[in-house]
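Student: okay, sequence plus prediction incoming.
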Amino acid sequence: MRKDISTPQSTKAILEKHGFTFKKSLGQNFLIDRNILNNIVNAADLTKDSGVIEIGPGIGALTEFIARSSKKAVAFEIDQRLLPILEETLAPYPHVDVIHSDVLKADIHAVINEHFEEGQDLMVVANLPYYVTTPIIMKLLQDKLPIRGIVCMIQKEVADRLAASPGTKDYNSLSIAIQYYATAETMIKVPKTVFVPAPNVDSSVIKLTLRKEPAVSVKDEDFFFHVVRSSFAQRRKTLWNNLTSQLVPKDKKEELQTILESIDIDPKRRGETLSIEEFGKLADALLPLVK
């Protein structure tokens, strides 16, 4: 029986055979721990009918585990040098397609329509390159894809932010952006030692389960996010200071005071103490004042 791609011995042999060298600019860190790979796939709750989108398959270590647990998988790989390696390592899995593309530029809806069945249970499962984690996750959420959720390995520090609650040190505008679209849960913490090469930071596997409706109903989604970003512009400043320096014209400070009183939000509070519901109320109340 062939060895898993992910064993340290197999990984070393594959890299040596193909003379592959890691590109730091692409954030390439390959997983070499079967238990972690198993845990990632288990967190996605896949069935024999599931479809999976993977981003950055590397030499196929995680892809192999995905392939064993799903009906169909499509992996986006940006590094052309990995395509012949993947063709070889994934040969036993004909239901896996590799697309040479930057996922940030890809039309993922078109890929889904081409490769998956209509109404199929779909998950994104990935060991994401750390330097583009946030843009990739935001694209997956904002493109409103027909997916059930996302399970991904990311930098621990970023995972802590995604799952953070109001009033904690990790809670910021990214926490709200993610939790607007999905519920976030950290599944496992992952040490540096299970990667080749070892990254400089620890990692976490996070699970995002998409909401059927956004966490809060707002009149203008773009403006809601603008208010959130403005409220966190300078973390140590009060909500009042951030809003008056970032968003509300100087001649409308009195109206701002009245609005904050009417929605029962103390201007001396900091952005990090507001819940997503309070940000929703704030954005809707400020919309006529600023737009």
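Tutor: Yes, it's here.
Student: can you pull out the strands in the stretch 1-150 of the chain?
Tutor: 30-31, 51-55, 72-77, 96-100, 122-127, 149-155 (DSSP state E, counting those that start in this stretch).
Student: which ones are touching the residue nearest the centre of the chain?
Tutor: Residue closest to the average C-alpha location in the chain (CA atoms, centre = their mean): residue 137, at 3.0 Å. If you count contacts by CB atoms under 8 Å, 6 or more residues apart in numbering, residue 137 has them with 128, 150, 152, 154, 162, 178, 208. All C-beta atoms are positioned from the backbone trio N, CA, C, and that covers glycine.
Student: what mean pLDDT does stretch 273-284 have?
Tutor: Across stretch 273-284, pLDDT averages out at 98.
Student: how far does that stretch sit from its chain's centre?
Tutor: Distance, stretch centre to chain centre, for stretch 273-284: 23 Å (CA atoms, centre = their mean, to the nearest Å).
Student: quick one: buried residues of it?
Tutor: By neighbour count on 16 or more other CB atoms under 10 Å, the buried set for stretch 273-284 is 274, 275, 276, 278, 279, 280, 281, 282, 283, 284.
Student: CA-only coordinates of that stretch, as CSV, when you get a sec.
Tutor: Written as CSV, here are the backbone C-alpha positions of stretch 273-284 (Å, rounded to 0.1, in the frame of the first residue of the first chain):
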residue,chain,number,x,y,z
THR,A,273,-17.0,47.2,23.3
LEU,A,274,-19.8,47.4,20.8
SER,A,275,-21.6,44.3,19.7
ILE,A,276,-22.4,43.6,16.1
GLU,A,277,-26.0,44.5,16.8
GLU,A,278,-25.0,47.9,18.3
PHE,A,279,-22.9,48.6,15.2
GLY,A,280,-25.9,47.8,13.0
LYS,A,281,-28.0,50.3,15.0
LEU,A,282,-25.2,52.9,14.8
ALA,A,283,-24.7,52.5,11.0
ASP,A,284,-28.5,52.8,10.3
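Student: and the helices in the chain?
Tutor: Assigned by DSSP state H, the helices in the chain fall at 8-18, 34-43, 61-69, 83-89, 108-115, 133-142, 156-162, 173-181, 221-231, 239-246, 253-262, 276-290.
Student: would you mind pulling the contact partners of the first one?
Tutor: With CB under 8 Å, 6+ apart as the contact definition, helix 8-18 has outside contacts at 3, 4, 5, 20, 30, 32, 59, 61, 84, 85, 89, 196.
Student: go with 7 Å
Tutor: 3, 4, 5, 30, 32, 59, 85, 89, 196 (CB atoms under 7 Å, 6 or more residues apart in numbering).
Student: how many other residues sit next to the last one?
Tutor: Yep, that's residue 196 we're talking about. 18 (other CB atoms under 10 Å).
Student: what's near enough to touch it?
Tutor: Applying CB under 7 Å, 6+ apart, the residues near residue 196 are 11, 30, 32.
Student: quick one: contacts for the closest residue in space to residue 268 that isn't next to it in sequence?
Tutor: Distances taken as CB to CB, 6 or more residues apart in numbering put residue 238 closest to residue 268, at 5.2 Å, once the chain neighbours are dropped. Counting by CB under 7 Å, 6+ apart, residue 238 makes contact with 267, 268, 269, 270.
Student: distance of the second one from residue 186?
Tutor: Meaning residue 268. 32 Å (CB to CB, to the nearest Å).
Student: those two: who's more crowded?
Tutor: residue 186 (15 against 10).
Student: who are the contact partners of that one?
Tutor: Contacts for residue 186 (CB under 7 Å, 6+ apart) come out as 159, 163, 204, 206.
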